[in-house]
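Novice: Quick one: sequence and predicted model below, then my questions.
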Number of protein chains: 2
Amino acid sequence: LIEIIIVSHGQYAKVMLESAQLIAGEQDHICTFGLELGESVDQLRDEISNTIEKVQKNGEVLILTDMFSGSPFNVVVSLMQYHSFYHITGINLPILLEILLSRDTSSAEELCEEILEKAKDTVIDVNKYLEVMS
Amino acid sequence: LIEIIIVSHGQYAKVMLESAQLIAGEQDHICTFGLELGESVDQLRDEISNTIEKVQKNGEVLILTDMFSGSPFNVVVSLMQYHSFYHITGINLPILLEILLSRDTSSAEELCEEILEKAKDTVIDVNKYLEVMS
């Protein structure tokens, strides 16, 4: 089992998980954190740190962040010195679904490789795609 | 000016825009639609169709959907027969920000090309990235 933590600006992480659950059903062993405007970065770091310590007893930990750079990303990068976990940034809904579907059967290392390989096919210019198909 | 419409499962589109606005400030000429469990696909199609008709007077229209396949995507694809617009699926937060920053200075066609080119660099394995940097 791979424990998942999603960290973002605002409610993005929480709602991305909610939308994924509309498709894939309720999920366990996953939690989300969002940094609102004016909220304390130090408090967010402490909360994520505590969660990592708690969930890493269950298995490997994969943290997903919304985008390269920005406070949520920087908080998670700063925690990489103190905790051992995998970290992928720039996730979208199809990547999250892929992770949820594969995390029971892959190691975190395999899962990260698989995700990076598949990620480039998740963003599609639909006008061009339909032209090619017709 | 390029008019943007984001369509997703649940509140994902709405909240992705909110998180982007935490970073890039308030945005005009952009709106979002979300399909909740049990909601009518036909009503969603009508609402998006009406919005396209209204906003296309202002400029080119770019519709962003959360993922390839699924009802929100299929609704937008069905509208491509009746309306002329650009459609990119699988967006994430860095892509949305890139679109918001570039839509005043690019045509929609240029913007779509630019987005597809940059998209592959938005998903990053941070453990590997930091190894390479160190």
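Specialist: Nice, I can see it. On a predicted model such as this, the values are computed, not experimentally measured, just so you know.

Novice: Pick out the residue nearest the middle of chain A.
Specialist: residue A:64 (2.5 Å; CA atoms, centre = their mean).

Novice: Look at that residue and tell me its secondary structure.
Specialist: strand (DSSP: H, G, I helix; E, B strand; the rest coil).

Novice: give the contact list for it.
Specialist: By CB atoms under 8 Å, 6 or more residues apart in numbering or on different chains, the residues touching residue A:64 are A:4-7, A:13, A:87-89, A:91, A:96, A:99. All C-beta atoms are positioned from the backbone trio N, CA, C, and that covers glycine.

Novice: wait, what's in contact with residue A:7?
Specialist: Contacts here follow CB under 8 Å, 6+ apart; on that basis residue A:7 touches A:13, A:32-35, A:44, A:48, A:63-66, A:72-73, A:75-76.

Novice: Could you confirm it falls within a strand?
Specialist: Yes: following the definition three-state DSSP, residue A:7 is counted among the residues of a strand.

Novice: any idea where the strands of chain A begin and end?
Specialist: Under the criterion DSSP state E, chain A contains strands at A:2-9, A:30-35, A:60-65, A:86-89, A:124-125.

Novice: who does residue A:7 bridge with?
Specialist: Per DSSP bridges, residues listed as beta-bridge partners of residue A:7: residue A:33, residue A:65.

Novice: Does the lowest-mean-pLDDT helix or strand in chain A reach chain B?
Specialist: The least trusted helix or strand in chain A, going by mean pLDDT, DSSP states H and E, turns out to be helix A:126-133, with a mean of 91. Yes: applying CB under 8 Å from any CB of the partner chain, one finds helix A:126-133 in contact with chain B at A:126-127, A:130.

Novice: Then stretch A:95-108?
Specialist: Yes: under the criterion of CB under 8 Å from any CB, stretch A:95-108 makes contact with chain B via A:95, A:97.

Novice: mind listing what's buried in that stretch?
Specialist: Buried positions in stretch A:95-108, judged by neighbour count with 16 or more other CB atoms under 10 Å in any protein chain shown: A:95-100, A:103, A:106, A:108.

Novice: which one among these gets closest to residue A:59?
Specialist: For residue A:59, the nearest member of the buried residues of stretch A:95-108 is residue A:108. The distance, counting by CB to CB, is 8.3 Å.

Novice: returning to what we had before: select only the buried ones of the residues of helix A:126-133 next to chain B in ChimeraX?
Specialist: Only the buried members of those enter the following ChimeraX selection, criterion being 16+ other CB under 10 Å:
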select /A:126,127
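
Novice: Among the residues of helix A:126-133 next to chain B, find me the one that's closest to chain B.
Specialist: Taking CB to the nearest CB as the measure, chain B sits nearest to residue A:126 out of those, at 3.9 Å.
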